[in-house]
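S.K.: pasted the sequence and its predicted model underneath.
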Amino acid sequence: MRASPRAFPLPFPDRMGSPFPMALPASPSDRLASEPTGPATPAAPSFWVTAGVLLLFLAGLSYAFVNLPPHDLWWQMRAGRIIAEEGRIPTLDRFSHTAKGEPWLVQEWLAGLIFYRLQQSFGMDGLAWLKFALIGVAVIGVAAAGTTRGAPLL
């Protein structure tokens with residue numbers, strides 16, 4: 001038996017220096033017939049787990065088709081219209097009463113342009129379908145990341 005590299009003695013050192021003895025079978029015939037021999041297979045998810053995941057999926061799906069909120073979307077689409085018509089990003093505020101003519105940094109210019117083009121081409125349904133597609137991409141991405149790390153899909 002190899003000596004433990006620790007400074008204090010362990011009561012039952014095994015081959016790896018662990019204080020807990022390991023009882024390994026001497027041969028495969030020493031194993032009990034009821035012991036599994038292959039890798040463990042994960043149990044199928046219960047009905048309630050499956051129902052809960054399905055309910056969350058349906059809730060997310062219904063959220064994708066809910067009416068779009070009125071705040072900020074219209075400002076972004078108006079800024080997108082200005083960008084599409086003028087061919088440049090506006091630099092001066094032209095919407096507010098108190099800060100009209102002041103410098104304006106349009107941080108979400110690309111989203112505004114995309115929203116405006118989608119609304120011009122497909123109407124408000126185009127924006128709802130974009131929302132649905134982005135939620136789907138997010139769900140698929142999270143599921144793919146989880147399964148590559150060994151998590152079951154459900």
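M.R.: Yes, it's here. Numbers count the residues shown, from 1 in each chain.
S.K.: pull the contacting residues for the residue nearest to A84 when sequence neighbours are not counted.
M.R.: Nearest non-adjacent residue to A84, counting by C-beta to C-beta, 6 or more residues apart in numbering: Y116, 5.9 Å away. Any C-beta I mention is one placed from the backbone N, CA and C, and that applies to glycine too. Y116 is in contact with 77, 80-81, 83-84, counting by C-beta atoms under 8 Å, 6 or more residues apart in numbering.
S.K.: three-state assignment of Y116?
M.R.: helix (DSSP: H, G, I helix; E, B strand; the rest coil).
S.K.: shouldn't L113 be within a helix?
M.R.: Yes - when three-state DSSP is applied, L113 is found to be in a helix.
S.K.: that one - how many residues pack around it?
M.R.: 20 (other C-beta atoms under 10 Å).
S.K.: surely W129 and F122 touch.
M.R.: Yes - contact criterion C-beta atoms under 8 Å: W129 and F122 qualify, at 7.2 Å.
S.K.: what residues sit buried inside the lengthiest helix in the chain?
M.R.: If you go by DSSP state H, the chain has its longest helix at helix 124-148. By 16 or more other C-beta atoms under 10 Å, the buried positions in helix 124-148 come out as 126-128, 130.
S.K.: from the contacts of Y116, which would you call buried?
M.R.: 77, 80-81, 83.
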